[in-house]
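K.L.:
curious how this folds, go ahead:
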Amino acid sequence: MAEKIRQVEYYYTTVPDEPGTASKVLSQLQQAGVNLVAYLAFPSEKSKSQIDLVPENVGALKEAAGKSGVRLTGPRKAFLVQGDDRVGAVAEVTRKLADAKINITAAAATSAGGGRYGMIIWVAVGDQAKAAKALGV
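P.N.:
Now for the predicted structure:
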């Protein structure tokens, strides 16, 4: 199976960089029935972390966040890649952007088990339409 690539909407929240803060946010979303197709957390500034949330249903995320007091910033856009795992899979996708002269500002990829992999790619706002074309979205 070839890669399935789609442009996704994501939101982020900034939380204290302390044990349990990400778990608290994720637990609140879980209790509200929010399914995430991607999640990434990383240090963002002194004593803070940024949590990127890519929901299956944007409306459900917004509603749950509002009820639980989670402040969201967004929407922002990224590209979600899902496909059969094989040697060079990530290289092939990133090459499409390189050939189109598009800089990747951030990316994360992992094997998903069962012969599958997933990747999320961020590009500059001004490059999103060009990236979508290069990726066949």
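K.L.:
show me how the chain divides into domains.
P.N.:
9-75, 77-135 (automatic domain parsing).
K.L.:
of all those domains, which lies closest to Glu3?
P.N.:
Nearest of the domains of the chain to Glu3, taken as C-beta to C-beta: domain 77-135 at 3.6 Å. No exception for glycine: its C-beta is placed from N, CA and C like everyone else's.
K.L.:
what does the average pLDDT come to for that closest one?
P.N.:
Domain 77-135 carries an average pLDDT of 96.
K.L.:
now it, how far from the centre of its chain.
P.N.:
Its chain's C-alpha centre and that of domain 77-135 lie 11 Å apart, by C-alpha atoms, centre = their mean, to the nearest Å.
K.L.:
could you check how far Val34 is from Gly115?
P.N.:
Note on Val34: its distance to Gly115, by C-beta to C-beta, to the nearest Å, is 28 Å.
K.L.:
who has more neighbours, the two?
P.N.:
Taking neighbours as other C-beta atoms under 10 Å, Val34 and Gly115 compare with Val34 leading, 21 against 11.
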